[in-house]
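> When you get a sec, could you give me coordinates for this:
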Amino acid sequence: MLAVLLPLLLLGDPTPIASRIQDVTLYGQSALVRRTAELPGGGSFVIQGLPATADRDNVRVRCQGGDVVDVEVRDRLVERVPSARVQEWRDKLQALQRELKVLDDSLATLKALRAHLDRLSAVATAEQNRDVQGGKPSVEAWTASWKFVSDRLAENIASVRDAQWKMEAKNREIEAVQVDLGRTQNAGSIPLYDVVVEVVANAKATLDVEYLVGGTGWQPAYDLRASKDLDKVELTYRARIFQRTGEDWKDVDVVLSTARPQIGAQGPEPQPIWVGVWQPQPRSPATDRSDSLGYVGNSVVDRKALAAEAPAAPRPFATVESQGLSVHFKLAKKETIESRDQPTTVLVGTGELAIAPERVCVPALDPTVWLRAKTKNTSPWVLLPGTAAVFFGADYLGPAQIDTVQTGEELTLHLGADPGLTVTRTQTQDLSKGPGFLSSKSSKVESWRIHLVNHGAFGAAKDGSVDVIVREASPKSRDDRITVEISKAEPKPSDDERWKQDREEKGIQTWLIKVPRGEKGTDVLFETTTSFPKGLRITKE
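Numbers count the residues shown, from 1 in each chain. Sure, this is the predicted structure:
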């Protein structure tokens, strides 16, 4: 082996080799990038230009068809914008300025033509005056002359206006290019990483380089579109990819992972806490910051400052791969995701979820009747916490939050307000009573009327009626001396097992009310009676 390695060590600078990004695995706040390169055989090679957002301690190299005997990650400073890119902006600016000159010349020609038409009009007017004075007026000649001049003037005016608008647009283009050129010329330098590898191979080989980068990640984004008959919801699952790593990912395979490598693999252990007597310490000189800096020649690169700059034929749907404790969504086609400030949105997939709709109202807090639906995640994708844009047919209703939902797990979808129902809540009695005969108890009686009207709700039954869940919180006592009861209720609250915990622990009463279509509406009437010892003052929290 030593005889094989000795020629490698005696070689000069490593040979640069071309590489391309093959695939990217995206996590919530980072990404694993894999580059590949073809090697002609063994030797010393360098893959150049890994972004400064890469974690140099998490660079892994593998070789198919050979053995990697040494890996070194080196720092290098380069211009933030290559000079070729600057020249492109200069060439574009020059071309735009030439186009502006052509427009300016065209406008000058049109203005000269306008002056000629003005003189021609003056000559025609003078000739007409002479004809009138000589007693030989020619109406036909005057009409023809006037029509010619007026038509030419109208065409000239329109052409001048069009040329001026084109010049304004061209000036705006020039200003934008000048801004971009100024930005690129003053961009300065950025640090990059080069990966130097020593490979032993007897024939062609393939090199894989994997590295973890920050300044990127992904978040789910959903569209929920409920059908007008409220029997299903179309789910569109998208991913918003934030990519500010400093390198573009062009035509690569993308995998979205639910893993969280940023939290590590090991949890914390409790640490001892020591108590002592405070003693003032002498002021020490400024600490050496070299541990947070990277050096390239005489230049200093502040890695922490840099990290602060970078924020952390089949249907084209993502396939799902279980990876132990995480799930991977492999996108159906290769994607191009540029490094930029704005996120890139890609499609994970779409599907239909059968729903069981219900309408819920809490009149004491809000007279709105809200639509929601019980469903099961029958899609192949785990739904991660995110925001859904909710639509009812073609109408956008607003945002709603979705929590983590595994495949096959039930969930509730919020579908916005139902405009076909109105609710009013009116207090009909507020009476305080002192102790009665042979009694030491005082009481407070409150009565309420909830009136529901169905103006024509979507997804109603054949007779036009809909069911509405009405929820009201009756007072709960924290003191054994105070008792609260629902003394009257019409109709009676539901005793369904679904509402049992809320009823017993929170005092929340629930009615399931059928509201027929029509202006007459339906009422819920209830009365609460609070009893307490004479002289005791009660409050509501």
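> E338 and D162, how far apart?
Taking CB to CB, to the nearest Å as the measure, E338 falls 36 Å from D162. Heads up, the C-betas are built off the backbone N, CA and C, glycines and all.
> Now the longest strand along the chain: average pLDDT?
Taking DSSP state E as the criterion, the chain has its longest strand at strand 344-362. If you average the pLDDT over strand 344-362, you get 92.
> and if you look at stretch 367-385?
Rounded mean pLDDT across stretch 367-385 is 90.
> From start to finish, how long is it in a straight line?
End-to-end distance for stretch 367-385: 29 Å, by CA to CA, to the nearest Å.
> That stretch: how far from the chain's middle?
How far stretch 367-385 lies from its chain's middle: 20 Å, per CA atoms, centre = their mean, to the nearest Å.
> Which pLDDT value does the model give W448?
93.
> Give me the distance from the strand or helix carrying it to the chain's centre.
Using DSSP states H and E, W448 sits within strand 441-454. Computed by CA atoms, centre = their mean, the chain-centroid distance of strand 441-454 equals 45 Å.
> go on, stretch 327-341?
So, by CA atoms, centre = their mean, the centroid of stretch 327-341 is 15 Å from its chain's centroid.
> List the buried residues for it?
Residues V327, H328, F329, L331, A332, E335, I337, S339 are the ones in stretch 327-341 that count as buried (16 or more other CB atoms under 10 Å).
> For L415, state which of those is nearest.
Here the nearest of the buried residues of stretch 327-341 to L415, counting by CB to CB, is F329; it sits at 25.5 Å.
> tell me which element the closest one falls in.
Following DSSP H and E, one finds F329 within strand 326-330.
> which regions of the protein lie under the pLDDT threshold?
Residue ranges of the chain with pLDDT under 70: 1-12, 79-85, 131-139, 141-142, 185-188, 260-268, 275-318, 320-326, 436-439, 541.
> longest helix in the chain, by residue count?
Longest helix of the chain, by residue count under DSSP state H: helix 83-133.
> Kindly spell out which helices and strands sit in contact with that helix.
Helix 83-133 makes packing contacts with helix 139-185 when contacts are defined by 3 or more CB pairs under 8 Å, 6 or more residues apart in numbering; DSSP states H and E.
> which residues of the stretch 201-350 of the chain fall in helices?
Per DSSP state H, counting those that start in this stretch, the stretch 201-350 of the chain carries helices over the ranges 303-309.
> wait, what's in contact with the nearest residue in space to W249 that is not next to it in sequence?
Spatially, and ignoring its direct neighbours in sequence, W249 is nearest to I337 (4.6 Å; CB to CB, 6 or more residues apart in numbering). Going by CB atoms under 8 Å, 6 or more residues apart in numbering, I337 touches V24, I241, Q243, D248, W249, V252, V254, T344, V346.
> Look up how far V78 lies from the fourth one.
In other words, D248. Taking CB to CB as the measure, D248 falls 16 Å from V78.
> that older thread, now for the strand holding F329, which elements pack on it?
Applying 3+ CB pairs under 8 Å, 6+ apart, we find strand 326-330 packed against strand 249-257, strand 319-323.
> want to try a markdown table for those, with mean neighbour count as columns?
A markdown table is the format used below for these (neighbours: other CB atoms under 10 Å):
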| stretch | mean neighbour count |
| --- | --- |
| strand 249-257 | 19 |
| strand 319-323 | 13 |
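> could those be laid out in TSV, adding distance to G420?
Shown next, in TSV, are those (distance: least, CB to CB, whole Å):
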stretch	distance to G420
strand 249-257	39
strand 319-323	39
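> Go through the contacts of I337 and name the one nearest Q128.
Once CB to CB is applied, the member of the contacts of I337 that ends up nearest Q128 is T344, at 69.2 Å.
> correct me, but that closest one touches I241?
Yes - the pair T344 / I241 is scored as a contact, 4.8 Å apart, by CB atoms under 8 Å.
> Which residue of the two possesses the greater neighbour count?
Legend: neighbour count by other CB atoms under 10 Å for T344 and I241, higher for I241 (21 against 17).
> contacting residues around that one?
Counted by CB under 8 Å, 6+ apart, I241 has contacts L26, T216, G217, W218, V254, I337, P343, T344, T345, V346.
> repeat that for 6 Å
The contact partners of I241, taken as CB atoms under 6 Å, 6 or more residues apart in numbering, are W218, I337, P343, T344.
> Show me what it bridges to in the sheet.
I241 forms beta bridges with W218, T344, as assigned by DSSP bridges.
> can I see the domain layout of this structure?
Using automatic domain parsing, the domain parsing of the chain gives 2-80+189-214, 83-185, 217-260+296-417, 421-533.
> Turn the ones you listed into CSV, including distance to Q271.
Formatted as CSV, the domains of the chain follow (distance: least, CB to CB, whole Å):
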stretch, distance to Q271
domain 2-80+189-214, 25
domain 83-185, 48
domain 217-260+296-417, 23
domain 421-533, 38
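> helices or strands up against the longest strand of the chain?
strand 232-243, strand 366-376, strand 466-473 (3 or more CB pairs under 6 Å, 6 or more residues apart in numbering; DSSP states H and E).
> Walk me through which strands the last one pairs with, and which way each runs.
Within its sheet, strand 466-473 is paired with strand 344-362 (parallel), strand 508-515 (antiparallel), according to DSSP bridges.
> gap between the first one and the chain center?
Counting by CA atoms, centre = their mean, strand 344-362 is centred 18 Å from the centre of its parent chain.
> The residue lying closest to G518 once chain neighbours are set aside - how many residues pack around it?
Sequence neighbours aside, N454 is the residue nearest to G518 in space, at 6.9 Å (criterion: CB to CB, 6+ apart). Here the number of neighbours of N454 (other CB under 10 Å) works out to 25.
> Would you check that N454 makes contact with K514?
No - counting by CB atoms under 6 Å, K514 is not a contact partner of N454; they are 9.5 Å apart.
> can you put the strands paired with strand 466-473 in CSV and add distance to I273?
Listed next are those as CSV, based on distance: least, CB to CB, whole Å:
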stretch, distance to I273
strand 344-362, 46
strand 508-515, 43
